[in-house]
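Predicted coordinates and the sequence they were generated for:
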Amino acid sequence: MEQNDMEFSEESYDGMIKDLFVRFPSYQKSGAEAYKPGIANMEFFDQLVGHPHRKYPSVHVAGTNGKGSVCSMLASVLAAAGLRVGLYTSPHIIDFRERMRIVDGRDSPSSPDLYHISKREVWDFMKRWGETFDHLDLSFFEITTSMAFSWFASREADIAVIETGLGGRLDSTNIISPVLSVITNIGLDHCDMLGSTLPEIAFEKAGIIKRGVPAVIGESNPETDPVFERKVLYSNLSSTEFGGDRGRIMSLLTFADKYEPGLWGRHEEILAGMDLRGEYQVRNLRTALAALDVLGKAVPAVACAGTDDIIGALENTAARTGFRGRWETLSENPRIICDIGHNAHGLKYNFRQLERMLAAGECGRLVIVYGTVADKDFASVFPLMPDNAVYVFTNASGRRACPSDEVMRGFLACRASAGKPEVEAYSVPAVRDAVALAMKLQKGGLLYIGGSTYVVSEAVAFLEPEPPCADDN
């Protein structure tokens, strides 16, 4: 029986999802061959479904690292302001339905309801539009983005927080006209598609900045600041609202690290209470607070939200939004932490935090399970990795994964060339076997799992066999 003739069931849904990943492979699994830059097809399909994203205002977030954290912080606060918030982030850890969530604070702003898209809603969307996806040759990300936009409209979202996939200018999400654009930071990642220099990458990220729309940049940099300034200026020079007045035009642009947000005086208190525990969150928090200050001018509910409500929402971001994989404690005994930071720009903060924990005696022994994908510049990560650790190198399933033996050889060669002492290191190709070995090796210490989203995903599936998304069809 053809899928379009089948009725919904758990079995038929599972088959449809497997087919989705085969017919429309995701960038996360297949790499560059799944990446389809440009928004022409997305715009055409968006017209077919009636432009659902125009039914609610949006906040658009791009950047090299920290996008998901900033999106989740903003969504949590918006829900605390009494709004029903659509939240679209990627990648997922276990179930691709994690990418689209509703954080609903209409009835209980202090304890908002959290919904994932149901299996039945996924089924109905795919059944209705599956042939069109084939005809237009849409990518996995284009399909899931369209699904999220449509679902938010069907659930009557008051506002949506949308994370880009890759880049920004040619990203599928860039069909929206947001009330605020946020760019967290710029680092050297996805250089084969976005450019080999920081200004080139910044140019792609700056593509989400729109005429008349305020923009918040999380981290300033002498190399990239001019890119954002030119984008804002050139986007608004012809605007009658600004009359070519450079000063008024540039008022649309805020660099968070050069600006003191209204609640920044309490940032240490907020960070101490946050369930997003990575030390790198201090930068994301400042970006989110600056964004909220700007957003309050366009969304009155934000301006009216109480200080204690905002702080409570920020402190409980992960719990309220279902956000996972960012310095997440998977187990207290034994102590296991995972983080999907995967490039040098992000991992340097994680490894520094691990080194400080060792130095402070917070853990007597550190074991690191590490795996990466072949198209990453993982050689730039090796010098950042802690000296006083035991390493278990692994590789996730999928074509993008770099063999664990290759990664371990590169790591040991890097240490030898730098004159560093030998460390205890193992190569275990299967993630579940690597985690099992690491748990034996940790001997009451700390186990850190990271380097790749896919390593974290398979580790979580091994340690937590229950599915993360409760269904509500």
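Here it is on my side, so go on.

What helices and strands are in contact with the helix ranked longest in the chain?
In the chain, taking DSSP state H as the definition, the longest helix is helix 119-136. On a contact count with 3 or more CB pairs under 8 Å, 6 or more residues apart in numbering; DSSP states H and E, helix 119-136 meets helix 10-23, helix 40-48, helix 140-154. C-beta here means a position set from N, CA and C on the backbone, and glycine is covered the same way.

residues of it that come out buried?
119, 121, 122, 123, 125, 126, 127, 129, 130, 133, 136 (16 or more other CB atoms under 10 Å).

hang on, the earlier thing: give me whichever of the helices and strands packed on helix 119-136 is most buried.
Highest mean neighbour count among the helices and strands packed on helix 119-136 (mean count of other CB atoms under 10 Å): helix 140-154, with a mean of 24.

Just the mean pLDDT for that one, thanks.
Throughout helix 140-154, pLDDT has a mean value of 96.

Any idea how far that helix is from the middle of the chain?
Offset of helix 140-154 from its chain centre (CA atoms, centre = their mean, to the nearest Å): 16 Å.

Next, the angle from it to helix 40-48.
20 degrees (axes from the mean of the first three to the mean of the last three CA atoms, to 10 degrees).

Centre-most residue in this structure?
The residue lying closest to the centre of the chain (CA atoms, centre = their mean) is residue 68, at 3.2 Å.

can you pull the contacts of it?
89, 90, 163, 323, 326 (CB atoms under 8 Å, 6 or more residues apart in numbering).

State the number of residues packed around the fourth one.
Taking other CB atoms under 10 Å as the neighbour definition, residue 323 ends up with a count of 24.

can you check the third one too?
Neighbours of residue 163 under the rule other CB under 10 Å: 23.

Now do it against residue 8, distance only.
According to CB to CB, to the nearest Å, residue 163 stands 29 Å off from residue 8.

Could you do the first one as well?
Here the criterion is CB to CB. By it, residue 89 lies 26 Å from residue 8.

gap between residue 237 and residue 211?
As judged by CB to CB, residue 237 and residue 211 stand 10 Å apart.

How about residue 414?
47 Å.

Restricting to C-alpha, output stretch 331-351 in PDB.
Taking Å, rounded to 0.1, in the frame of the first residue of the first chain, the C-alpha atoms of stretch 331-351 are listed here in PDB:
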ATOM      1  CA  SER A 331      23.400  11.300  35.900                       C
ATOM      2  CA  GLU A 332      24.500  12.500  39.400                       C
ATOM      3  CA  ASN A 333      25.800   9.100  40.500                       C
ATOM      4  CA  PRO A 334      27.900   8.300  38.500                       C
ATOM      5  CA  ARG A 335      28.400  12.000  37.500                       C
ATOM      6  CA  ILE A 336      27.900  12.300  33.700                       C
ATOM      7  CA  ILE A 337      27.700  15.600  31.800                       C
ATOM      8  CA  CYS A 338      27.100  16.000  28.100                       C
ATOM      9  CA  ASP A 339      27.400  19.000  25.800                       C
ATOM     10  CA  ILE A 340      26.900  19.300  22.000                       C
ATOM     11  CA  GLY A 341      29.600  22.000  21.600                       C
ATOM     12  CA  HIS A 342      31.500  20.800  18.600                       C
ATOM     13  CA  ASN A 343      33.900  23.400  17.300                       C
ATOM     14  CA  ALA A 344      37.000  25.100  18.800                       C
ATOM     15  CA  HIS A 345      35.100  28.300  19.300                       C
ATOM     16  CA  GLY A 346      32.700  26.500  21.600                       C
ATOM     17  CA  LEU A 347      34.800  23.700  23.100                       C
ATOM     18  CA  LYS A 348      37.500  26.000  24.400                       C
ATOM     19  CA  TYR A 349      35.000  27.100  27.100                       C
ATOM     20  CA  ASN A 350      33.900  23.600  28.000                       C
ATOM     21  CA  PHE A 351      37.500  22.300  28.300                       C
END
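
Buried residues of that stretch, list them for me.
334-351.

How many residues are close by residue 269?
Residues near residue 269, counting by other CB under 10 Å: 12.

now do residue 106
14.

Shouldn't it be within a strand?
No - the assignment for residue 106 (DSSP: H, G, I helix; E, B strand; the rest coil) gives coil, which keeps it out of a strand.

which residues of the stretch 151-300 of the chain fall in strands?
159-163, 180-183, 215-217, 253-255 (DSSP state E, counting those that start in this stretch).

closest to residue 448 out of the ones you listed?
strand 159-163 (24.7 Å; CB to CB).

Report pLDDT for residue 420.
Per-residue pLDDT puts residue 420 at 95.

go on, residue 233?
pLDDT, read off for residue 233, is 94.

nearest spatial neighbour of it, skipping sequence neighbours?
residue 249 (5.6 Å; CB to CB, 6 or more residues apart in numbering).

How about the contacts made by that neighbour?
With contact taken as CB under 8 Å, 6+ apart, residue 249 is in contact with 232, 233, 236, 237, 239, 242.

Can you give me the neighbour number for the second one?
Think residue 233. 16.

returning to that earlier point: looking at the helices and strands packed on helix 119-136, which is nearest to residue 444?
helix 10-23 (39.3 Å).

got the angle for the closest one vs helix 119-136?
30 degrees.

Residues touching helix 10-23, excluding its own?
With CB under 8 Å, 6+ apart as the test, helix 10-23 has contacts from 3, 6, 29, 96, 119-120, 122-123, 126-127, 134, 140, 143.

Need those residues in CSV (columns: distance to residue 428).
Listed next are the contacts of helix 10-23 as CSV, based on distance: CB to CB, whole Å:
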residue, distance to residue 428
3, 38
6, 40
29, 21
96, 27
119, 34
120, 39
122, 34
123, 37
126, 37
127, 41
134, 39
140, 29
143, 34
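
and residue 101, that one's in a strand?
Yes - counting by three-state DSSP, one finds residue 101 located in a strand.

my guess is it meets residue 321, correct?
Yes - contact status for residue 101 versus residue 321: in contact at 6.5 Å, counting by CB atoms under 8 Å.
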